[in-house]
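[1] Return atomic coordinates for the entry below.
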Amino acid sequence: MEIHKILQVENITKTYGKGTNKTEAIRGITFDVFKGEFLGIMGASGSGKTTLLNCIATMSKPSTGKISLNGQDTALFSGKELADYRGKEIGYLFQEFELLDNLTARENITLPLSIRGVTGIQSEKELQIISERLDIVEILDKFPSQLSGGQKQRVAAARALISNPSILLADEPTGALDSKNSKVLMDKLSSINMEQNETIVMVTHDANAASYCSRILFIQDGRLFHELRRNVKTETLTHFYERIVTVVAQLGGGSSNVL
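    Residues are numbered from 1 along each chain as shown. The predicted structure follows:
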């Protein structure tokens, strides 16, 4: 049985500026993401990993190349059509939560549904499901100022997932969290990935967070540098973490040949 390709990134580049001021952020990157995969993207600051994620999220357009989500070329959408597509197909989890302070957790989470006109019983049903999965039922009526960092990020994750997007994009989701809350968040995302077959693409510099992934792409200077795969059924998080750290050390040293 053929595994469904959710995302296809085909030889994309992203260049800013012109002439002597030209910066090549992405230099010809190609990869596929399959349904139910948990893909990590790692690289040093300035390597192009966040630019890549923004291109996938349709927040930025590649200079050349093609990005397809569920077989649809994302470059063909514009205006309201793009906004509708993004709201339905893509969930985005930010590093700094990006919650609206004047809305409760409940209202923040259901906002994407409200924008799409989904209210009432259906909205409550989806809210109940996702809040139970992320263990935030007890804090739904609190405002962001009343929540811990870990709780805020789980509320943000619920907001990103409530529309049942084709893919969840996470940009350094543990970057603003301590180690305890990072583990709680990653345990929850991992469970959702495995139990709900949710496809996740996560940019991270955190080897602990990356160890939850099934595959990791390492980027250096805008190009793919190396790839690691974890045997989810037999390889422990600890062993995969050790392999990740080894590659990160090589990456930092500028090696072009990592085994």
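
[2] for the chain, what helix or strand is lowest in average pLDDT?
    None of the helices or strands of the chain scores lower by mean pLDDT, DSSP states H and E than helix 79-89, at a mean of 84.

[3] Just give the closest residue to residue 118, not the sequence neighbours.
    residue 126 (7.7 Å; C-beta to C-beta, 6 or more residues apart in numbering). (C-beta placed from N, C-alpha, C; glycine too.)

[4] secondary structure element for the one you found?
    Residue 126 is part of helix 120-133 when elements are defined by DSSP states H and E.

[5] I'd like the average pLDDT over the helix or strand following that helix.
    The C-terminal neighbour of helix 120-133 among helices and strands, as given by DSSP H and E, is helix 149-161. Averaged over helix 149-161, pLDDT sits at 95.

[6] how about the CA coordinates for helix 149-161, as CSV?
    Included here for helix 149-161 are C-alpha records, laid out as CSV according to Å, rounded to 0.1, in the frame of the first residue of the first chain:
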residue,chain,number,x,y,z
GLY,A,149,4.1,29.0,30.1
GLY,A,150,3.5,25.3,29.6
GLN,A,151,-0.3,25.8,29.8
LYS,A,152,-0.1,28.7,27.3
GLN,A,153,1.7,26.5,24.8
ARG,A,154,-0.7,23.6,25.2
VAL,A,155,-3.6,26.1,24.6
ALA,A,156,-1.7,27.3,21.5
ALA,A,157,-1.3,23.7,20.4
ALA,A,158,-5.0,23.1,20.9
ARG,A,159,-5.8,26.2,18.8
ALA,A,160,-3.5,25.0,16.0
LEU,A,161,-5.0,21.5,16.0
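
[7] Residue 167 is in contact with residue 88, correct?
    No: look at residue 88 against residue 167 with C-beta atoms under 8 Å: they stay out of range, at 11.2 Å.

[8] Looking at the two now, which is surrounded by more residues?
    residue 167 (22 against 14; other C-beta atoms under 10 Å).

[9] can you map out the helices along the stretch 151-259 of the chain?
    Secondary structure of the stretch 151-259 of the chain (DSSP state H, counting those that start in this stretch): helices at 179-196, 207-210, 237-252.

[10] and the ones you listed as JSON lines, adding distance to residue 25 and mean neighbour count?
    Shown next, in JSON lines, are the helices of the stretch 151-259 of the chain (distance: least, C-beta to C-beta, whole Å; neighbours: other C-beta atoms under 10 Å):
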{"stretch": "helix 179-196", "distance to residue 25": "27", "mean neighbour count": "17"}
{"stretch": "helix 207-210", "distance to residue 25": "21", "mean neighbour count": "22"}
{"stretch": "helix 237-252", "distance to residue 25": "17", "mean neighbour count": "16"}
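
[11] how about a markdown table for the ones you listed, with mean pLDDT added?
    Written out in a markdown table, the entries for the helices of the stretch 151-259 of the chain read as follows (pLDDT from 0 to 100):
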| stretch | mean pLDDT |
| --- | --- |
| helix 179-196 | 95 |
| helix 207-210 | 95 |
| helix 237-252 | 90 |
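
[12] Sweet, I'm off.
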